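A.B. asks: okay, predicted coordinates and the sequence, questions at the end:
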Amino acid sequence: MSELGEEDREILDYLRDSVSRGQSYFRAKNIAEQIGLSSKQVGARLPKLDEESDDVDIEKWGRARSTTWRVTLS
């Protein structure tokens, strides 16, 4: 994994913790509210974090009013 910024690490830490507690589906808006970023900041980073992270798989899952992301631990 290449060097990630602080905000990227916060997103990944949040996702790892949430997935370990059984949650699998996320919206950028909900992640953003928990870690203090905008939903655009989170949504723009998720595809990159999927490529950069060795232990978290992030998949664009569905799109209704906003994109839902399916997250699993590798």
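C.D. replies: Received, thanks.
A.B. asks: show me what the helix or strand encompassing Asn30 is packed against.
C.D. replies: Remark: Asn30 resides in helix 28-35, with elements defined by DSSP states H and E. Applying 3 or more C-beta pairs under 8 Å, 6 or more residues apart in numbering; DSSP states H and E, we find helix 28-35 packed against helix 6-20, helix 39-52. For every residue, glycine as well, the C-beta is placed using N, CA and C.
A.B. asks: out of these, which is closest to Leu73?
C.D. replies: When those are compared by C-beta to C-beta, helix 6-20 sits nearest Leu73, at 5.5 Å.
A.B. asks: now do that closest one against helix 28-35, angle only.
C.D. replies: Here helix 6-20 runs at an angle of 100 degrees relative to helix 28-35 (axes from the mean of the first three to the mean of the last three C-alpha atoms, to 10 degrees).
A.B. asks: return the set of buried residues in helix 6-20.
C.D. replies: Across helix 6-20, burial judged by 16 or more other C-beta atoms under 10 Å covers 8, 10-12, 14-15, 18-19.
A.B. asks: quick one: low-confidence ranges for this protein?
C.D. replies: Scanning the chain for pLDDT under 70 picks out the ranges 1-2.
A.B. asks: and with 50 instead?
C.D. replies: Residues of the chain meeting the criterion pLDDT under 50: none.
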